[in-house]
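Peer 1: Attaching a predicted model along with its sequence, questions to come.
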Amino acid sequence: MNFKFTKWHGCGNDFVIINGLEENIETIQPQAAAICNRNFGIGADGVITVCPSENADFCMRIFNSDGSEAEMCGNGIRCFARYVYEAKLTTKSEMTIETKAGIMKPKIIASGDDVLVTVNMGNPVLQADKVPVAGFADKTIISEEIIVDNENFHITCVSMGNPHCIIFVDDINAVDINKWGPVLEKHQIFPNKTNVEFVQVLNRSKLRMRVWERGAAITLACGTGACATLVAGVLNNLCDRQASLQLDGGLLSIEWNESDNNVYMTGPATKVFEGKYSG
Ligand SMILES: N[C@H](CCC[C@H](N)C(=O)O)C(=O)O
């Protein structure tokens, strides 16, 4: 495959963005893992393609570094919005983007010298059978105890279009994410696997989160995970409806709006370089 691409990141969660309106990306999914390989490819946590949509300004597809396709990507959609605006594919600073998780509405905002993107990420999904989590019917899973390899975990499960298993801990630095991340990602109660977030509550308006992502392992940040974490914090009465999420790669501001039940994410999107791939 030969194509032009642009490399972006959101809080260190990085993506190869390909303009599918100009490049032939018919066979991109089987190539996604090779493209993401940090030694033999471009190197990224995921591949994002710009596609046409009949229902929105654009369509976005997101492929994890293992080649699996996800429903949505929070850091990625912020980068997507800035990319299409700067590539002059649109003159809109507020646009609609169709994803497998529904139509998202990013808005590019200048904030001093910074450019931030605020995204209406839609409603969180709490019913277990829709996250999905097996064995809990339509229950909302809040601090449910499960035992995995003789270890006790209290899980709270939320979907932002993609599944998240959130675990609150006393000391985030004491968590062996490389051990427990993959075990929980692939646990049998998650028929579609899951993203796994470990969270330490610093105060009611600041949470420290680290993530093991479905299909991508540890990343420096997860936007949908930050949204799911805020919702889980509210459900467990551990934080307010608006808080800062401190991730390994940066800070995201998240609000679960009480009046419209939507979750809003605000954060940076940074262009790194442009290139040509011949893989
Ligand atoms: N690994 C995720 C997709 C990427 C989400 C993440 N990078 C974000 O910023 O939301 C999944 O399979 O659901």
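Peer 2: Alright, I've got the coordinates.

Peer 1: which SS state does residue 30 fall under?
Peer 2: For residue 30, the assignment made with DSSP: H, G, I helix; E, B strand; the rest coil gives helix.

Peer 1: Next: the one 4 residues further on.
Peer 2: Here residue 34 is helix, with the state taken from three-state DSSP.

Peer 1: I'd assumed residue 40 was in contact with it.
Peer 2: Yes: taking contacts as CB atoms under 8 Å, residue 34 lies within contact range of residue 40: 6.8 Å. C-beta coordinates here come from the backbone N, C-alpha and C atoms, glycine included.

Peer 1: Looking at those two, which is more packed in?
Peer 2: A direct count of neighbours by other CB atoms under 10 Å for residue 34 and residue 40 places residue 34 higher, at 15 against 10.

Peer 1: Below-threshold pLDDT in the stretch 151-279 of the chain: ranges please.
Peer 2: Regions of the stretch 151-279 of the chain meeting the criterion pLDDT under 70 are absent.

Peer 1: Going along the chain, name the helices of it.
Peer 2: For the stretch 151-279 of the chain, helices defined by DSSP state H, counting those that start in this stretch occupy the ranges 177-185, 223-235.

Peer 1: So which of those helices is nearest the ligand?
Peer 2: Ranking those by proximity to the ligand (CB to the nearest ligand atom) places helix 223-235 first, at 3.3 Å.

Peer 1: which helices and strands does the closest one pack with?
Peer 2: Contacts defined by 3 or more CB pairs under 8 Å, 6 or more residues apart in numbering; DSSP states H and E place helix 223-235 against helix 74-86, strand 151-159, strand 163-168, strand 195-203, strand 206-213, strand 242-247, strand 250-256, strand 263-268.
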